[in-house]
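Visitor: with the input below, show me the fold.
(one chain, ligands or ions: 3)
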Amino acid sequence: MYNAKPEDKFTFGLWTIGNPGADPFGTTVRERLTPSQIVEILAEVGAWGVNFHDNDLVPIDATPVERDQIITDFKKVLADSGIVVPMATTNLFSDPAFRDGAFTSNDPKVRAYAIHKTMRAMDLGAEFGAKVYVFWGGREGTETDAGKSALDAGKWFREAINYLCEYNIDQGYDYKFALEPKPNEPRGDIYLPTVGSALGFIATLDHSDMVGVNPEVAHEHMSGLNFMHAIAQAWDAGKLFHIDLNDQKIGRYDQDFRFAAESIKQAFYIVKFLEDVGYDGSRHFDAHAYRSSDLEDVKAFASGCIRSYLILKEKAEKFNADSEIQGLLAEITTDDGSMSQYVGQYSSEKAAALKDYGFDRVELGRRGQPYERLDQLVFELLMGVR
Ligand code: GCO
Ligand code: MN
Ligand code: MN
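Guide: Ligands and ions are numbered 1, 2, ... in the order given. Okay, here's the model as predicted:
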């Protein structure tokens, strides 16, 4: 029961399973796993794919010969395990060169280096067949607004993405770019902090059709926002190119918990949304095991992400098939059609007729909705007593 199939498209990053448990207050607690060891674990838990930052695979100071050897070895591990690489990304945050940002650094040479590093990382991802390219602007932001213009930063960011879209076309890579918003951490404030702001920015790009979003549960929850609403807006705009599933207590530091570890109901609505609309991209778990976990527990973390998704998917099917729930929903959304002659597509006749219509406002205000009953049914469904 609850075993992953390739068509579920469950993926993890090398950096997620490989997270050695360091935090700002303490050193690593687990041995560093090699990319091959990570892929073996992914195959064991039934994942479909693995994603990486350039330097998760090839160290930043590797020689060209070392790079080639690493690529050859990793390709073999992938072929042996059947694990694919659907997404790649650039590490534009670890190296001291990016201490004041990458595409939005005040230093023009750092901005150029960030584009140079991204083009090379795109080359690397393309070698493995990646089709989605993620941009997480971890260091793109400020602690103080005294020294950096938010307006210039936005222009530099746009310029960089426009440039890289051209490179994508030039090389024939056919990547879809996915911007990943986050409100803070590691910067005090990160530019493009939410899914909504990223969608607004995308509309200003030269090749906006090539660029979508990679929303992350924890990032919206850090801001106290409703993640399912965010992905619904992205989906409606045709921009849900990728998704980072994990969990987190609202308003806390960046916790990256196992999917559904914290907000069970929200996780349910996320899975239900993705399944109902027929999202067919990667279901990527951008999470890591608790610092207290050992290697066995890291495996339990990975299969926990997958199992939780599949359990919630089954619950979503039950929700859709539950006659009491569906009856309440029908009642809630009932429509006798009498208003359609006044609304929908605008015409001046409709507008005139609508303005003349005599609404019984008091009567409208008398109608309640059975959301308490429905919400309790959802709770009971999730608790397994329905
Ligand atoms: C974070 C981010 C990252 C990105 C990753 C891929 O909060 O650290 O979520 O894990 O997703 O860099 O772009
Ligand atoms: Mn994150
Ligand atoms: Mn992420």
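Visitor: gap between the residue of the chain found nearest ligand 1 and ligand 3?
Guide: With Cβ to the nearest ligand atom, the shortest gap between the chain and ligand 1 falls at residue 136, namely 3.4 Å. In short, each C-beta sits where N, CA and C put it, glycine included. Distance, residue 136 to ligand 3, by Cβ to the ion, to the nearest Å: 6 Å.
Visitor: pretty sure that residue sits against residue 185.
Guide: No: the criterion here is Cβ atoms under 8 Å, and residue 136 misses it with residue 185 at 11.3 Å.
Visitor: who has more neighbours out of those two?
Guide: Neighbour totals were compared for residue 136 and residue 185, and residue 136 leads with 23 against 16 (other Cβ atoms under 10 Å).
Visitor: so what's the more buried one up against?
Guide: 89, 93, 180, 182, 214 (Cβ atoms under 8 Å, 6 or more residues apart in numbering).
Visitor: kindly recompute the last result at 6 Å.
Guide: Residue 136 makes contact with residue 180, according to Cβ atoms under 6 Å, 6 or more residues apart in numbering.
Visitor: is ligand 1 contacted by stretch 141-159?
Guide: No: on the criterion Cβ under 6 Å from any ligand atom, stretch 141-159 is out of touch with ligand 1, staying 12.6 Å away.
Visitor: could you dump that stretch to PDB, C-alpha only?
Guide: The C-alpha coordinates for stretch 141-159 follow below in PDB (Å, rounded to 0.1, in the frame of the first residue of the first chain):
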ATOM      1  CA  GLY A 141      17.800  40.800  -0.900                       C
ATOM      2  CA  THR A 142      18.900  43.000   1.900                       C
ATOM      3  CA  GLU A 143      19.200  43.300   5.600                       C
ATOM      4  CA  THR A 144      19.200  47.100   5.300                       C
ATOM      5  CA  ASP A 145      17.700  49.100   2.500                       C
ATOM      6  CA  ALA A 146      20.200  51.900   3.100                       C
ATOM      7  CA  GLY A 147      22.600  50.500   0.500                       C
ATOM      8  CA  LYS A 148      20.700  48.900  -2.300                       C
ATOM      9  CA  SER A 149      17.900  50.200  -4.600                       C
ATOM     10  CA  ALA A 150      15.000  47.800  -4.700                       C
ATOM     11  CA  LEU A 151      14.200  49.400  -8.100                       C
ATOM     12  CA  ASP A 152      17.700  48.700  -9.500                       C
ATOM     13  CA  ALA A 153      17.700  45.200  -8.000                       C
ATOM     14  CA  GLY A 154      14.400  44.500  -9.800                       C
ATOM     15  CA  LYS A 155      15.800  45.800 -13.100                       C
ATOM     16  CA  TRP A 156      19.000  43.700 -12.700                       C
ATOM     17  CA  PHE A 157      17.000  40.600 -11.900                       C
ATOM     18  CA  ARG A 158      14.900  41.100 -15.000                       C
ATOM     19  CA  GLU A 159      17.900  41.700 -17.200                       C
END
